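Chemist: with the sequence up front, the predicted model follows.
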Amino acid sequence: EEKRSQSMASAALIVGIIGIVSSFCIYPGLICGSLSVLFAQLSKGGKGFPRQSETAALPFAQRDVKVILVRPSRFVYGEALTNGFISALIGIAAQKGISAYIGDGGNHIHSVNVLDLAKLYVLALENGKTDARYQAVGDGSLPFKGVAEAIGKRLNVPTSSISPEQAAEHFGFLGGIVGADNPASSEITQTALAWKPTHPSLLETLAASASSNLAN
């Protein structure tokens with residue numbers, strides 16, 4: 001029922017914008033039109049892999065609508081580090097006084113700078129193909145321990161390992177995400193759209209913010 005309602009919400013939004021634009025770009029969470037306008041935020045993804053919005057959008061490709069599918073990293077960040085999962089992890093570390101990782105911290109996450117992501121949207125709308133899935137990934141294989149250490153330096157708090165059993169209590173809903181080994185690659189996307197991430201990496205951004213905090 002939840003998946004059905006999400007698909008219906010996606011379809012309703014798409015029907016509403018068909019008369020306005022001839023192409024749009026979709027990923028779980030947002031629909032962006034070719035007029036560079038953010039049209040709507042979809043309902044939350046269901047359990048597991050949140051691809052209901054893709055399933056709802058693809059049939060409209062048969063109605064002369066150009067549907068572009070972009071899959072951003074879960075860890076989208078900007079210079080200010082004030083939004084998204086990274087901001088949540090910084091908040092958790094600040095509140096608990098420790099920047100934690102799970103086990104040996106050798107599991108991998110992937111990330112993308114919001115400015116690189118914005119550039120990919122433009123390229124996807126201009127040159128993307130309906131039958132492709134474009135991976136918006138800047139750094140595809142970040143050991144989470146390194147991220148935790150960078151957050152610790154930013155906040156001047158210790159970094160320490162916690163057990164998998166402690167992850168849910170410490171990280172809340174992020175426990176499953178930061179504990180999974182989830183590397184990714186955008187190599188195919190970079191080749192297909194001539195897209196190359198050029199803005200500071202997540203670790204570089206965290207290090208720069210740590211230096212700024214020390215200077216202040």
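Modeler: Good, I have the coordinates. Nothing here was measured: the structure is a model prediction, and the numbers come from that model.

Chemist: so who does the closest residue to I86 other than its chain neighbours touch?
Modeler: Leaving aside its chain neighbours, I86 sits nearest to Y77 (4.7 Å; criterion: C-beta to C-beta, 6 or more residues apart in numbering). (C-beta placed from N, C-alpha, C; glycine too.) Residues in contact with Y77, defined by C-beta atoms under 8 Å, 6 or more residues apart in numbering, are N83, G84, I86, S87, S111, V112, N113, V114, L202, T205.

Chemist: measure the first one to K196 for me?
Modeler: Meaning N83. 24 Å (C-beta to C-beta, to the nearest Å).

Chemist: the second one too?
Modeler: In this structure, G84 and K196 are separated by 22 Å, where distance is defined by C-beta to C-beta.

Chemist: more neighbours: which of the two?
Modeler: G84 (16 against 11; other C-beta atoms under 10 Å).

Chemist: can you report phi and psi for the more buried one?
Modeler: phi 80, psi -170 (degrees, to the nearest 10).

Chemist: mind checking which helix or strand the closest residue to it other than its chain neighbours is in?
Modeler: Residue nearest to G84 in three dimensions, not counting chain neighbours: V76, with 5.2 Å by C-beta to C-beta, 6+ apart. Using DSSP states H and E, V76 sits within strand 75-77.

Chemist: downstream of that strand, the next helix or strand is which one?
Modeler: Next helix or strand after strand 75-77 toward the C-terminus (DSSP H and E): helix 84-96.

Chemist: average pLDDT across that following helix?
Modeler: Mean per-residue pLDDT for helix 84-96: 95.

Chemist: in that helix, what counts as buried?
Modeler: Buried residues in helix 84-96, counted by 16 or more other C-beta atoms under 10 Å: G84, F85, I86, A88, L89, I90, I92, A93.

Chemist: what is the nearest of these to P183?
Modeler: Nearest to P183 among these, counting by C-beta to C-beta, is F85 at 16.4 Å.

Chemist: can you name the residues bridging to the closest residue to the closest one other than its chain neighbours?
Modeler: Using C-beta to C-beta, 6+ apart and skipping the chain neighbours, the partner closest in space to F85 is F75 (5.5 Å). For F75, the beta-bridge partners under DSSP bridges are S111.

Chemist: who's in contact with F75?
Modeler: Neighbour list for F75: G84, F85, I86, I109, H110, S111, V112, L202 [criterion: C-beta under 8 Å, 6+ apart].

Chemist: try 10 Å
Modeler: 84-86, 89, 109-112, 137-139, 142, 147, 177-178, 202 (C-beta atoms under 10 Å, 6 or more residues apart in numbering).
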